[in-house]
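> Output the structure for:
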Amino acid sequence: MEYILAFINQHIELIYIVILSVFLGVEVISRVPSVLHTPLMSGANAIHGVVIIGAIIVMGKADPENYLALFIGFLAVMLGTVNVVGGFVVTDRMLEMFKGKKK
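Residues are numbered from 1 along each chain as shown. Predicted coordinates:
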């Protein structure tokens with residue numbers, strides 16, 4: 001417990017930045033009009049594709065005995081993949097709204 005408190009005290013500025021970034025991100029995303037949703041989802045999918053590749057590279061260079069690093073890398077790959085697939089599904093549904101009705 002003392003180690004955690006010492007880590008927090010050493011990195012309090014970074015913790016504040018992360019918390020403020022979360023609030024700022026929520027505010028920015030909540031004010032995006034639905035017309036811009038599809039381009040933003042495409043950008044997010046590209047970013048998460050890079051995250052997946054980075055996690056795979058880190059897992060490949062991790063020590064085989066370091067189970068925590070391997071588990072976190074595996075979790076990053078799985079969550080990133082779910083996010084990319086979900087983003088493509090949502091983008092596809094948004095693009096379907098702009099197509100005309102079939103005769």
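> Tell me the predicted confidence for the residue positioned nearest the centre of the chain.
By C-alpha atoms, centre = their mean, the chain has its centre lying nearest to His48, at 5.8 Å. You'll see His48 listed with a pLDDT of 79.
> ok, now Gln10?
93.
> and what of Ala55?
87.
> For the helix or strand harbouring it, which residues meet the burial criterion?
Taking DSSP states H and E as the definition, one finds Ala55 inside helix 37-61. Neighbour counts over helix 37-61 (16 or more other C-beta atoms under 10 Å) mark 38, 41, 44-45, 48, 51-52, 55, 59 as buried. Heads up, the C-betas are built off the backbone N, CA and C, glycines and all.
> sorry, back to before: pretty sure the residue nearest to the centre of the chain contacts Val82?
No: His48 is beyond contact range of Val82, at 9.4 Å (criterion: C-beta atoms under 8 Å).
> Can you spell out which helices and strands pack onto the helix holding Ala55?
When contacts are defined as 3 or more C-beta pairs under 8 Å, 6 or more residues apart in numbering; DSSP states H and E, helix 37-61 sits against helix 67-97.
> Report the buried residues of the helix it packs on.
Buried, per 16+ other C-beta under 10 Å, within helix 67-97: 73, 76-77, 80, 83-84, 87, 91.
> So which residues make contact with stretch 39-49?
By C-beta atoms under 8 Å, 6 or more residues apart in numbering, the residues outside stretch 39-49 that reach it are 29, 32, 80, 83-84, 87-88, 90-91, 94.
> So in this structure, where's the weakest helix or strand by average pLDDT?
Among the helical and strand segments of the chain, the one scoring lowest on mean pLDDT, DSSP states H and E is helix 37-61, with a mean of 81.
> Now do that helix against helix 67-97, angle only.
160 degrees (axes from the mean of the first three to the mean of the last three C-alpha atoms, to 10 degrees).
> Now do stretch 91-102, average pLDDT.
On average, stretch 91-102 scores 76.
> Figure out the length between the terminal residues of that stretch.
Stretch 91-102 has an end-to-end distance of 20 Å (criterion: C-alpha to C-alpha, to the nearest Å).
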